[in-house]
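Participant: below: sequence and its predicted model.
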Amino acid sequence: NAGVTQTPKFQVLKTGQSMTLQCAQDMNHEYMSWYRQDPGMGLRLIHYSVGAGITDQGEVPNGYNVSRSTTEDFPLRLLSAAPSQTSVYFCASSYSKVLAKNIQYFGAGTRLSVL
Amino acid sequence: AQKVTQAQTEISVVEKEDVTLDCVYETRDTTYYLFWYKQPPSGELVFLIRRNSFDEQNEISGRYSWNFQKSTSSFNFTITASQVVDSAVYFCALTINNNDMRFGAGTRLTVKP
């Protein structure tokens, strides 16, 4: 079982560069989400999707774009990286679009440094 | 607004000691769900338990137990006879009837042999 797969595992960017963090799940889950984890702050929701073609903002969406063209994939785009976006990013998925009731399954994370 | 507070930033115990991780939550909703996740050194978050707001029964799973008290808005997690493999960061989280999960800041548990 692959579960939730994130690539790359590590990335270093220069300020102003753009990049896409990839996330794929093979469990046919409707709900997918992106979090960032910063020291002392736990995980904070960036964007989420309740199905193909549907995305919405979470707690900290600024500086990030997402799209959901297929059920399996949910990429996170940084259009112009800033040092404040240095963080560990987690993708997660859940069976039901009603997140409240359901368990989220997390990827292994992407550690991003912006210089 | 919903919020989760884990006041213990770091805890260090010696193997076989019992340890309790505290979680206090805030929400105005009457229907909500509480979760605990474990993040071992490998980094991936692992689901431990889910509890809904209408079920205040405590739960035990092996060496793990959870105490949910609505009167104090707490959902505490106890590890009995801790082991080195329990060393991890533990997160408490809260969702209401939307698609936003709020996490606490996490408690780093170190179990020394």
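Facilitator: Looks like it came in fine.

Participant: hey, what's A:V66 bridged with?
Facilitator: Applying DSSP bridges to A:V66 yields these beta-bridge partners: A:L76.

Participant: ok, B:S61 next?
Facilitator: For B:S61, the beta-bridge partners are B:Y64 (DSSP bridges).

Participant: so it makes contact with B:W36?
Facilitator: No: using C-beta atoms under 8 Å, B:S61 is not in contact with B:W36, being 10.8 Å away. C-beta: built from backbone N, CA, C; applies to glycine.

Participant: neighbour count winner among those two?
Facilitator: Neighbours per residue (other C-beta atoms under 10 Å in any protein chain shown) separate B:S61 from B:W36, with B:W36 holding more: 22 against 9.

Participant: confidence score at that one?
Facilitator: Per-residue pLDDT puts B:W36 at 96.

Participant: cool, B:A1 as well?
Facilitator: 77.

Participant: now do the one 4 residues further on
Facilitator: pLDDT, B:T5: 96.

Participant: do the same with A:K101
Facilitator: A:K101 is given a pLDDT of 66.

Participant: could you do the one 4 residues further on as well?
Facilitator: The predicted local confidence for A:Y105 comes out at a pLDDT of 92.

Participant: between B:S61 and B:W36, which contacts overlap?
Facilitator: Counting by C-beta atoms under 8 Å, 6 or more residues apart in numbering or on different chains, the residues touching both B:S61 and B:W36 are B:I49.

Participant: enumerate every residue touching the closest residue to A:V4 other than its chain neighbours.
Facilitator: Leaving aside its chain neighbours, A:V4 sits nearest to A:G107 (4.0 Å; criterion: C-beta to C-beta, 6 or more residues apart in numbering or on different chains). Contact partners of A:G107, counting by C-beta under 8 Å, 6+ apart, are A:3-6, A:23, A:90-92, B:44.

Participant: one more time with 10 Å
Facilitator: A:3-7, A:9, A:21-25, A:34, A:89-93, B:43-45 (C-beta atoms under 10 Å, 6 or more residues apart in numbering or on different chains).

Participant: on the three-state scheme, B:I11 is what?
Facilitator: Here B:I11 is recorded as strand under DSSP: H, G, I helix; E, B strand; the rest coil.
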